[in-house]
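Student: this is a predicted model, with the sequence first.
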Amino acid sequence: MENSSSNKNLYVHLFFWGDKMNKYMQMALNEAILALKQDEVPVGAVIVKNDIVIGKGHNKKEKNNSIIAHAEIMAIKEASKNLKNWRLDDCVLFVTLEPCPMCASAIQQSRINTIYYGCSRNDEKNLQIIKQIFSTNNHNKKVKNIINCDYDGCKNIIKNYFINKRKKS
Ligand SMILES: [Zn+2]
């Protein structure tokens with residue numbers, strides 16, 4: 001039993017490596033660009049199930065005046081609406097930035113299986129906290145794979161955003 005489930009994880013992992021992973025990370029990055037155009041911190045996310053995009057989102061914190069309007073939450077909301085189900089079993093999330101603890105909790109609650117993120121926060125404490133959240137069992141479901149794929153462009157878009165912000169202020 002244990003073996004067959006780890007083989008399944010391996011399948012998910014390999015399935016989204018290479019071209020497939022690049023394709024969905026690029027979609028997440030395109031979402032981040034939409035946020036940038038609205039002068040929001042540029043973070044984007046995409047949720048995929050059975051190789052179909054079921055949710056997309058970007059940061060809308062300023063526009064919505066909402067601290068919960070992070071890219072991951074927006075994508076989860078759209079995916080749940082499309083599936084007519086809050087349970088996002090066997091779904092894979094692509095996000096341009098390592099999630100914060102609030103989004104990590106939402107991801108864990110939604111039963112998303114695997115996360116790919118495009119750039120690290122370089123914050124050991126954040127990584128520790130989110131890994132702890134992801135390892136928490138939720139009715140025997142937990143986030144099984146957390147993969148930093150260092151995707152081109154994800155780091156620069158956010159770095160440049162803050163450099164420009166500082167120049168303006
Ligand atoms: Zn967040």
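Tutor: Arrived safely. Everything numeric in this text was worked out from a predicted model, so none of it was measured. Numbers count the residues shown, from 1 in each chain.

Student: OK, contacts around residue 153?
Tutor: 29, 118 (C-beta atoms under 8 Å, 6 or more residues apart in numbering). Placement of C-beta: from N, CA and C, glycine included.

Student: relative to residue 25, how far out is it?
Tutor: 9 Å (C-beta to C-beta, to the nearest Å).

Student: give me the common contacts of those two.
Tutor: Shared contacts of residue 153 and residue 25, counting by C-beta under 8 Å, 6+ apart, come down to residue 118.

Student: quick one: residue 95 and residue 29 touch, right?
Tutor: No: the criterion here is C-beta atoms under 8 Å, and residue 95 misses it with residue 29 at 10.1 Å.

Student: and the closest residue to residue 95 other than its chain neighbours, backbone torsions?
Tutor: Once flanking residues are discounted, residue 95 sits nearest to residue 45: 4.2 Å by C-beta to C-beta, 6 or more residues apart in numbering. Main-chain dihedrals, residue 45, degrees, to the nearest 10: phi -150, psi 150.

Student: in this protein, where is pLDDT below threshold?
Tutor: Applying pLDDT under 70 to the chain flags the ranges 1-17, 138-140.

Student: what about the strands in it?
Tutor: Along the chain, the segments classed as strands by DSSP state E run 44-49, 52-58, 92-95, 114-117, 145-148.

Student: thinking again about what came up before, so between residue 95 and residue 29, which is more surrounded?
Tutor: residue 95 (28 against 21; other C-beta atoms under 10 Å).

Student: ok, the more buried one - contacts?
Tutor: So residue 95 contacts 28, 43-46, 71-72, 75, 103, 115-118 (C-beta under 8 Å, 6+ apart).

Student: residue 65 versus that one, what's the distance?
Tutor: For residue 95, the distance to residue 65 - C-beta to C-beta - is 22 Å.

Student: with residue 150 instead?
Tutor: Look at residue 150 and residue 65: by C-beta to C-beta, they are 33 Å apart.

Student: done for today, thanks.
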